[in-house]
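Colleague: The amino acid sequence is not available; the structure is as follows:
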């Protein structure tokens with residue numbers, strides 16, 4: 001029986017390993033709202049610029065988020081502060097027709113999303129980089145957004 005429990009525990013740990021993840025960090029919003037003045041940023045280091053990466057926005061929202069979509073901008077800067085990439089993105093958090101929440105639900109009315117920002121991307125040189133987000137909706141306070149984050153994966157590992 002003891003061997004079976006050890007085997008189950010080891011299996012869970014092995015299954016939980018995520019070989020594709022290079023970097024992941026999230027920023028929680030204290031009042032469960034993303035204020036227009038809040039510009040979450042994530043600093044990370046690239047040691048191998050020849051590797052290819054996929055960069056994702058990770059987001060958690062409540063089902064009472066008042067809109068069906070989210071507009072945001074992101075900017076990617078190198079350690080000298082030079083802007084490498086900037087884009088305006090629109091993503092749907094709810095189905096356009098039914099209004100049903102999209103994403104994965106882990107806890108009740110909270111939904112997790114992962115939106116691809118850069119696919120098969122190579123960084124120009126090794127060093128520290130910063131990626132930041134700005135919410136770009138028509139309201140100063142975007143209620144129902146709990147957190148945003150950055151996930152970087154190796155593109156070659158599927």
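Modeller: That came in fine, so what should we check first? The structure displayed is predicted, hence computed values, not measured ones.
Colleague: hey, let's count contacts and neighbours off CA atoms from now on
Modeller: Will do.
Colleague: Can you check the pLDDT for the nearest residue to residue 47 once chain neighbours are set aside?
Modeller: Nearest residue to residue 47 in three dimensions, chain neighbours excluded: residue 126, at 5.0 Å (Cα to Cα, 6 or more residues apart in numbering). Residue 126 is assigned 97 on the pLDDT scale.
Colleague: and residue 126, how many neighbours does it have?
Modeller: By other Cα atoms under 10 Å, 14 other residues sit near residue 126.
Colleague: Contacts only, for it.
Modeller: By Cα atoms under 8 Å, 6 or more residues apart in numbering, the residues touching residue 126 are 45-49.
Colleague: Let's see that with 7 Å instead.
Modeller: 46-49 (Cα atoms under 7 Å, 6 or more residues apart in numbering).
Colleague: Out of these, the closest to residue 153 would be?
Modeller: residue 46 (11.9 Å; Cα to Cα).
Colleague: show me the contacts for the closest one.
Modeller: Counting by Cα under 7 Å, 6+ apart, residue 46 touches 126-128.
Colleague: picking that back up, would you check how far apart the residue nearest to residue 47 and residue 48 are?
Modeller: Separation of residue 126 from residue 48 (Cα to Cα, to the nearest Å): 6 Å.
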